[in-house]
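Trainee: got a sequence here, can you model it:
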Amino acid sequence: MGGEGCQKIGVVGAGLAPPPLAGRGTACRAPTKITIMTTQPITIHSWPKAILHIDADAFFASCEQAIHPELKGKPVITGKERGIVSAASYEAKGRGVERGMRLFEVKRVCPDAVILPSDYETYSLFSVRMFEILRRFSPDVEEYSIDEAFVDLTGLRRTFHGSYGDLAKKIQDTAERELGITVSIGVSLSKVLAKIGSKHRKPKGLTVISGREIHNYLSKLPVGKVWGIGANTSEFLKKFGITTALQFAGKDETFIKRRLSKPYQEIWHELNGRSVYPVVAEPKKDYQSISKTRTFTPPSEDEVFIFSQLSKNLENACIKARRYDLAANKLIMFLRQQDFRDTGVEMKISRPTAYPAELFALLREGFLEIYKTGTLYRSTGVVLAGLVAERKAQFTLFDDTTRILKMARVYSALDGLSERFGKHTVQHGASLPAKLQVQHEGERGDVAVRKAELFKGENRRQRLGLPVLDIKV
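Mentor: All right, here's what the predicted structure looks like:
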């Protein structure tokens, strides 16, 4: 039988060549059913940029396990001083423990849980050392949070004689060897994709997403799981049939610009492998707002005590604002009840300021508006909003400029004392009850090891930058 009766079978697929055609005089075989993936890569450029995202696994609990090796493999929980779970090890998470859970609920689902007070000072020291490890590999490190960072690895393959995946593995191994904690890492062309990679497989995950593989990771990822896309935006996108990250990335730019605001347009570019968000190595100095909150245990209905906590929030927020030479145009405050319901108020400030003495009267006015007698409160919070550079704050005809300049000198002296002897060495009388009334005591009364065991020459405010290590001989 000649070749004239044979059909020509073409194969469509990304990067696949069609099979050779049957020649004249060859036998015509029955066609074989072939299943071929026809999804096209989002981009064929493998590594125009290489951004790494590192995320420490169950960071606070892992730090405790690193300091106390006898706790490795056990369900460890921090947050004893607050009465709720601040962090939980993966062993505890596997038993049903979740962040924010009350401790009495923890004891019900995980009776053998090891519950510890939070040791934020030591966690901060672990964080500093993790960032120092990252800077050995690249100078471009952005400290995103206490346990997360972005690193620009672009162009470093030749320096370290390996692929970006090999480089990420070296970083992962170094962190585990030197800190005793595990980290999950994602490497890709942009920050958003790198963060998707670090969340892909935890704990101790390492996911490298090159340009040609982006679509494989986005195809089953719900669009609401993309960094920067919240529940409301996710529901909005569903109205257009967009439920996965790949469907979102595959939309044409005209649709994105017409339907979505700039932040989501930037995320769309990032998902398509175009780096929009740079890795910012310099410490953050510009803020739109500064917030300070305080949770206290046990909850209180004492008006004087609750206002003092709010005053301390205000002092802390103003200290940070002055550190960056910022002044606020708006003051926001809130009280959180024991049932987690919030009540807040926002007030306009007559002149941009970061001096608590100018704001206490306004704070008191707002407090009396939202405080309810006989109600149990568990936390307070203050937000300084509408921040501007302090040097740009203009005096009005009605301002007492002499008084303001004297106040500036006073707070400059206070900041100098705080830098030398520790924060709140000198503080306002309105905040004093919060300092005098002991919190987190009673049945949860123990404190973190680092606070209980001081080195020679240390005091509560002046400390060495060393975590306590319990060494068993």
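
Trainee: and for Q40, the neighbour number?
Mentor: 12 (other C-beta atoms under 10 Å). Backbone N, C-alpha and C define where each C-beta goes, glycine included.

Trainee: do I have it right that it meets R212?
Mentor: No - taking contacts as C-beta atoms under 8 Å, Q40 lies outside contact range of R212: 10.1 Å.

Trainee: now for G94, how many residues are close by?
Mentor: Number of residues near G94 (other C-beta under 10 Å) recorded here: 11.

Trainee: from P203, how far off is it?
Mentor: Using C-beta to C-beta, to the nearest Å, we find G94 at a distance of 11 Å from P203.

Trainee: next one: L414
Mentor: Distance, L414 to P203, using C-beta to C-beta: 44 Å.

Trainee: tell me what the helix or strand containing A149 is packed against?
Mentor: Assigned by DSSP states H and E, A149 belongs to strand 148-152. With contacts taken as 3 or more C-beta pairs under 8 Å, 6 or more residues apart in numbering; DSSP states H and E, strand 148-152 sits against strand 51-56, helix 120-137, strand 141-145.

Trainee: give me the buried positions along it.
Mentor: E148, A149, F150, V151, D152 (16 or more other C-beta atoms under 10 Å).

Trainee: and it, how far from the chain's centre?
Mentor: Between the centre of strand 148-152 and the centre of its host chain there is 12 Å, according to C-alpha atoms, centre = their mean, to the nearest Å.

Trainee: pull the residues that contact the helix or strand following that strand.
Mentor: Sequence-wise, the next helix or strand downstream of strand 148-152 (DSSP H and E) is helix 157-160. For helix 157-160, the external contacting residues (C-beta atoms under 8 Å, 6 or more residues apart in numbering) are F137, S163, Y164, D166, L167, K170.

Trainee: quick check, nearest of these to A66?
Mentor: A66 has its nearest neighbour among these in K170, at 19.7 Å by C-beta to C-beta.

Trainee: quickly note the distance from that closest one to W47.
Mentor: The spacing between K170 and W47, counted by C-beta to C-beta, is 17 Å.

Trainee: looking at these two, which has the bigger crowd around it?
Mentor: Higher neighbour count among K170 and W47: W47, with 18 against 15, using other C-beta under 10 Å.

Trainee: please pick the buried ones from the contacts of helix 157-160.
Mentor: F137, Y164, L167.

Trainee: can I assume the last one sits in a helix?
Mentor: Yes - membership of L167 in a helix is supported by DSSP: H, G, I helix; E, B strand; the rest coil.

Trainee: what are the neighbouring residues in contact with it?
Mentor: F137, L153, L156, R157, F160.

Trainee: which of those sit farthest apart?
Mentor: Spanning the widest gap among the contacts of L167 are F137 and R157, at 11.7 Å by C-beta to C-beta.

Trainee: fine, thanks again, bye for now.
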